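**Q** what shape does this take:
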Amino acid sequence: MATSFAKTLSSGPAKEWLQPPRVDIHPDSTLGRWYLQLDDAFIDPGFREWLQEQKLEQTTLTFIPSQGEVRGYVNGQLKTFSTSDDSGWSDVSRTLLSTLTLFAPEPGQEVRFPWHGRDDQIPAPIVAQFYGEPVNPTPAQAATRLAQIKQHPSFEMPDSYASARSDEALSTQAQLLGNDANRHAMVKALKAQVDDVNGRVDLDNVQIPIDPRSELFATTRRSRMSLSEVLQSEGTKVPTNSEQAHGLALTLSFDLAHRAPGPASGGVRPTAALLGATALRRMNTQVKQWMTQHPSQPTPSQTGPAATTLLNRLLENLPDSTRLAIRDNPSAALDQLIRSPEAVELGKRIQTTLKIIDTPTSAIESVSAALVQALDPGVGKSPFNLAGYNLYSIENAGASHAEIVRRFTLHLESTVGVEGAPVAARLLLTAAAPELLVKNVPPQLVYGSHTWANFAIEASRIEQQVPGALANMTFSQVMAFGAAPSASLESDDQLSEAGRLPVISWGIANGVIKRNAGHTYTPSEFTAALTALNKQQKELEWASKTLSAPAPTRREVALAELKRVFPNIDPTLQVLQRPWVKHTPVSLLDIYMTGPIDPKGWESKDTYNLPFDQISFRFAQLEPNIKTTFAEHFQAYRQSHELAIAIQFKYQLSLLPDAEREKIDNAQVSFHELRRPYTKATKTHFYGKAILRPQKYTDEEEEKLKGKHALLIRVEHSQDDVSYYRYSPGQVKLTRVDGFPTTLPEHPPKSWSPNVNPPGIRLDIDDSAYFDAPAPQRNPTNYLLSQLGDIQAKPQKAETQSSIPGAYFSSRNGSLGLTPGTFFTRDYESLEQASAGVTELEKGKVYDAKLKKLFLSFIPFYDGIQSAIKGDVSGAIFDIGFDALGFIIPGVIAGRKAYKAGRGGFNIIKSGLIAGAGESIGIVDVRNITKNLNKAANAGYKDIQFLTKNANDVLSRLKGNYAHYNVSQTYTENAIAKGFFLSEADALWHPTVAILKKGSWYAYNTVTKVPYGVQLGQFGLLGAP
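**A** As a prediction, this is how the structure comes out:
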């Protein structure tokens, strides 16, 4: 094979090739065996199904493994898919990409596959990439290499490539392909389930093939198994109906393992919080020794204590180009920093000293732990006190993720310097608040919103399963994961634990519970926050459904009443005529909508389907005046909208920063409408002089002068301290604005007059949020302002505490919302006219002139708020996945998965943890979560006697079909078992899945199938009874 490759070196520079020359390969060579593995990965059923879903042409695919991308043609257009999009590529590509990485191991290298031509040949550039040969050698390099191969016809693979291309790696990769095939078979079978007559499914009778390469086949030696057997073997709950089966299919379709940090990129798995005091002391000793052996050489800009930190010592080794880009791309800088030769050297020292399992990522995990510990000494890491900063303080309420990270980075500058602060922030967030590292989080998602609480819970669930994964996921992917139901008892426990910090943090942000210096919170405080969050989300859900519901129509009301009295008659049949005059037949519905039905005034042209004379005696059972009934229905609709808008307003108010909320609480508040003055005029001449004569406005022109899409809010804290806010339901914003005077002149609304039309006051503001058609360009413009309702006076004393504290639940904020509710529904008369409609009998009559104003006065706002509820603001769809009240929009978040799962839009957490929508799993017993409220995830046990008696029950909740540790059994290398270990960090016994490596037990991640961490202390001392 090397001889064949040598011939290509004499073919000239690669850039001159029209088609790259081919190299003969041998099937028993390292490359040949991996080529067959790549071919198997390419025909993986899950990947093939994804190609068909995306309509991606399979003959011209280009893979860029280092970026996790594939490029190809869809309907003739070139399209790129990445692991950060919502196409599902990230869930089917892990094994394929890991194989492709061997053929394109360096950043930016590509692989075009499949290769066309003879099966026993591969393009020369691919061979060069696989073996670490120069892909485009200079003539001198080619000549030298040609001579070397003539003398020794072989490849000299770089040492760093060897382990990834070993026989063991090949075997592991084949097993992964088999596992993927099994997973696809399970998902396909689950999706196909249909309920029987009893509303159940029997998965005992559903057989699926077991791939002979898979881990399951290796342990069972069975080529087919029932679906229930396979699920139970993995510790997964077996569905009993089709809804559960389809939900489980969605859960199994996610590949969280793909998001785990890798040896080359993707951040790092956090381990610092898992180390006890002794391990930390030993690690610090290694750090001090390494720093002594590697003295600092700071640049002139590096002075003070920051220059002597471990972080800055490692930063000195980064290329200047990377250091210059740290602030713009701290994640890339961190990846290079912890994977630099100097960092890996230190990591290996720490790894050896602490007896940490040797994996492709253990060295970078070890050095990262040292960096985190240097930045935040002590045992354990908390978002409430991370390097002296409280990420989830009430001061950060209302701030976006980007803003919180910015503030945190600024805080760190005094410790590590301006250059290192962004990297330091990312390291610390990895350890204590990884949800802040999720990509593409919309700025509208702010800390303290109920949407944030839901997001943080899902993020916590993911981090428990695959630590470090969140840094490689997008907001959309996190929330799509949240749409999938819990699939195991361990997942149920993770969900309970996941709600702990987000609910408490939400309670602090909203003033429901008081923060304390020790950052420890009682079960009653957690329960209070959870109760308040439930109440808020239920109110907002009602408001969202109310605002999105269509208005009742006279036709619907009349039809329902007719069907009540005449259930077997179709009142829409147009078969009734007046006896004394021929005309186009009308329907009973049309007659009833128009007015009282005259039993003697109509006759039916179809007595079989509508026997008018026979049913006329029952007309008295109908509501006598359906117009009145419709008016009552519409009034109820209008009132519900007033209340829903008031709820939306107080919710937006509750999301303001704490300082602003407090200011509004203690200020005089008034609402004002903006209008444009009457300025329409025509030029005429009077005694030879050109003058402007005021002109009357049409209804349409007059409506355009009204700023009906937003309200101005004046907040007077004191005579000299006045601020303004703009509230726009259609834009989902309560925004602080400038450009208004301390005192507002009053211009009560008046109709146009030929003589008296106030000019208003001149303001330099952006008025686009107020009007249907904003000013063509921002210039000082005249406006009229008029106050709405009464002024909310400044409170003379503290508000009486309601049953639930906090800004959202404040009675004053609730009353403030009534004015916007009234203002934004004041034109509902026009909507009522449209909803009443015009019957065939009414056509031609002089109809209410207000109907002419319908599309002029109301529909723009009504359409605006309807669109906002659907996530469409000002005509542009929010690419955020949630609506105006913070609820997930079905099909927007990871549309492929959400649509197939048939999820609703309001219950984001499938367990009902927050929304409480009747799901079977959740925090039914609050004690399950509150008993370990202030401890880390997977809190352990002190009572050995309890564990001895209940070991089977506790260990059975862990995922995976692994036997419980048995003290009488002899275990061999790579054995996996469930058991307990004594943690030095908290002196508690923790349940875990462990693997035996070189005579010692290490924790084992059942998702990524990788061991991690230090040797487990006293693992197996507590065996199952």
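**Q** show me where pLDDT drops low in the chain?
**A** 11-18, 298-307, 773-778, 796-802, 843-884, 886-939, 1021-1025 (pLDDT under 70).
**Q** need the longest helix for it.
**A** helix 401-432 (DSSP state H).
**Q** quick one: furthest residue from the center of the protein?
**A** Y687 (70.7 Å; C-alpha atoms, centre = their mean).
**Q** rewinding a little: can you name every helix or strand that the longest helix of the chain contacts?
**A** helix 310-315, helix 330-338, helix 362-375 (3 or more C-beta pairs under 8 Å, 6 or more residues apart in numbering; DSSP states H and E). From N, CA and C alone the C-beta is placed, and that goes for glycine too.
**Q** relative to helix 362-375, how tilted is that helix?
**A** Using axes from the mean of the first three to the mean of the last three C-alpha atoms, to 10 degrees, the inter-axis angle of helix 401-432 relative to helix 362-375 is 110 degrees.
**Q** the residue farthest from the centre of the chain and L146, how far apart?
**A** Distance of Y687 to L146, given as C-beta to C-beta, to the nearest Å: 103 Å.
**Q** can you check E623 too?
**A** 98 Å.
**Q** next: V575.
**A** With C-beta to C-beta as the criterion, V575 and L146 are 95 Å apart.
**Q** ok so, going back, mind checking what helix or strand follows the longest helix of the chain in sequence?
**A** helix 450-465 (DSSP states H and E).
**Q** now for that following helix, which elements pack on it?
**A** Looks like helix 450-465 contacts helix 475-482, helix 489-498, helix 500-509, helix 523-548 (3+ C-beta pairs under 8 Å, 6+ apart).
**Q** distance to S968 and mean neighbour count added to these, as a markdown table?
**A** What follows is the helices and strands packed on helix 450-465, written out as a markdown table (distance: least, C-beta to C-beta, whole Å; neighbours: other C-beta atoms under 10 Å):
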| stretch | distance to S968 | mean neighbour count |
| --- | --- | --- |
| helix 475-482 | 41 | 25 |
| helix 489-498 | 26 | 21 |
| helix 500-509 | 38 | 26 |
| helix 523-548 | 40 | 20 |
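**Q** name the residues of stretch 625-644 that are buried.
**A** 626, 629-630, 633-634, 637-638, 640-644 (16 or more other C-beta atoms under 10 Å).
**Q** list the buried residues of the longest strand along the chain.
**A** Criterion DSSP state E: the longest strand present in the chain is strand 781-792. Neighbour counts over strand 781-792 (16+ other C-beta under 10 Å) mark 781, 783-787, 792 as buried.
**Q** which helices and strands does whatever helix or strand comes next after it pack with?
**A** Sequence order places helix 811-816 as the next helix or strand after strand 781-792, per DSSP H and E. Packed against helix 811-816 by the contact rule (3+ C-beta pairs under 8 Å, 6+ apart) you find helix 626-654, strand 781-792.
**Q** rerun that using 7 Å as the cut-off
**A** Here helix 811-816 touches helix 626-654, going by 3 or more C-beta pairs under 7 Å, 6 or more residues apart in numbering; DSSP states H and E.
**Q** out of the helices and strands packed on helix 450-465, flag the one nearest R313.
**A** Among the helices and strands packed on helix 450-465, helix 500-509 comes nearest to R313, with 32.8 Å by C-beta to C-beta.
**Q** residues in contact with the closest one: which ones?
**A** With contact meaning C-beta atoms under 7 Å, 6 or more residues apart in numbering, helix 500-509 is reached by 383, 392, 394, 397, 447-448, 453, 456-457, 460, 513, 515, 521, 526, 528-530, 532-533, 929, 933.
**Q** mind putting the helices and strands packed on helix 450-465 in CSV, distance to V967 included?
**A** Output for the helices and strands packed on helix 450-465, formatted as CSV (distance: least, C-beta to C-beta, whole Å):
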stretch, distance to V967
helix 475-482, 38
helix 489-498, 24
helix 500-509, 34
helix 523-548, 36
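**Q** tell me, how many residues neighbour G999?
**A** Applying other C-beta atoms under 10 Å, we find 8 other residues in the vicinity of G999.
**Q** how about the helices in the stretch 601-750 of the chain?
**A** Using DSSP state H, counting those that start in this stretch, the helices of the stretch 601-750 of the chain run over 612-615, 626-654, 658-665, 699-704.
**Q** okay if I get these as CSV plus distance to I357?
**A** Supplementary listing: these in CSV, determined by distance: least, C-beta to C-beta, whole Å:
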stretch, distance to I357
helix 612-615, 83
helix 626-654, 47
helix 658-665, 45
helix 699-704, 71
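**Q** how about the ones you listed, which one is nearest A425?
**A** helix 658-665 (22.3 Å).
**Q** confirm for me that E316 is in contact with P295.
**A** No - the criterion here is C-beta atoms under 7 Å, and E316 misses it with P295 at 10.3 Å.
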